[in-house]
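# need coordinates for the following:
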Amino acid sequence: MEAVGGTLDRIDRKIISYLLQDAALTNAELAERVGLTAAPLSRRLARLYASGIIKQKVVIDPPSVGLGLQAYVEITLDRTTPQVGERFIEHVGKLDEVVEIHAVAGDFDFLLKISVKDMADYKRLIWQEFDRLAEIKTIRSTMVFDSPKVSHGYLPK
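Got it, this is the predicted structure:
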């Protein structure tokens with residue numbers, strides 16, 4: 001029985017679980033593992049993609065392409081009006097080095113993930129690009145030494 005109204009049935013959950021383990025599985029391999037033939041599997045995958053429950057992305061290994069420094073940057077804005085937040089998001093969203101933007105609640109307003117070549121490249125980004133936004137009150141950086149676990153989600157039980 002296929003999922004209706006945004007709920008996932010047992011087979012949908014198996015499909016997602018196998019893809020989380022190995023996104024390179026062929027449709028034939030995936031169909032065999034979840035006990036379906038090709039056509040029903042294809043329909044389920046199409047529905048899961050169309051609904052946005054699963055997304056297909058390419059994930060690169062930053063150091064392998066010359067991006068040797070990753071950092072998380074906490075940004076506090078001078079004012080937290082929607083217009084100021086939208087301007088900030090619009091500006092930093094155009095920067096390739098900003099690979100994630102999260103609006104957060106707490107001690108700061110935004111958490112960014114930055115991926116750059118090295119410390120000199122990071123300095124250039126902060127001093128040249130972020131300095132253009134007068135609304136930034138504080139910038140606090142945390143450099144990433146290692147990422148022993150990176151996950152792109154899980155299915156709650």
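# what is the rounded mean pLDDT of the helix or strand encompassing residue 120?
Using DSSP states H and E, residue 120 sits within helix 119-124. The average of the pLDDT scores along helix 119-124 is 97.
# next one: stretch 68-87
94.
# what residues does it touch?
62, 88, 103, 107-119, 121-122, 133-144, 147 (C-beta atoms under 8 Å, 6 or more residues apart in numbering). (Glycine included, C-beta is placed from N, CA and C.)
# what's across from the residue most central in space within the chain in the sheet?
Nearest to the geometric centre of the chain sits residue 100, at 6.1 Å (C-alpha atoms, centre = their mean). According to DSSP bridges, the residues that bridge with residue 100 are residue 113.
# wait, it sits on residue 113?
Yes. The pair residue 100 / residue 113 is scored as a contact, 3.8 Å apart, by C-beta atoms under 8 Å.
# buried residues, stretch 24-38. List them.
Using 16 or more other C-beta atoms under 10 Å as the test for burial, stretch 24-38 gives 30-31, 33-34, 36.
# how close does the residue of the chain most remote from its centre sit to residue 19?
Ranked by distance from the centre of the chain (C-alpha atoms, centre = their mean), the top residue is residue 37, with 31.7 Å. Noted for residue 37: a distance of 18 Å to residue 19, by C-beta to C-beta, to the nearest Å.
# helices of the protein, start to end?
Listed in chain order, the helices found in the chain under DSSP state H are 10-21, 27-34, 38-50, 82-93, 119-124.
# state the number of residues packed around residue 41.
Neighbour count of residue 41, defined by other C-beta atoms under 10 Å: 20.
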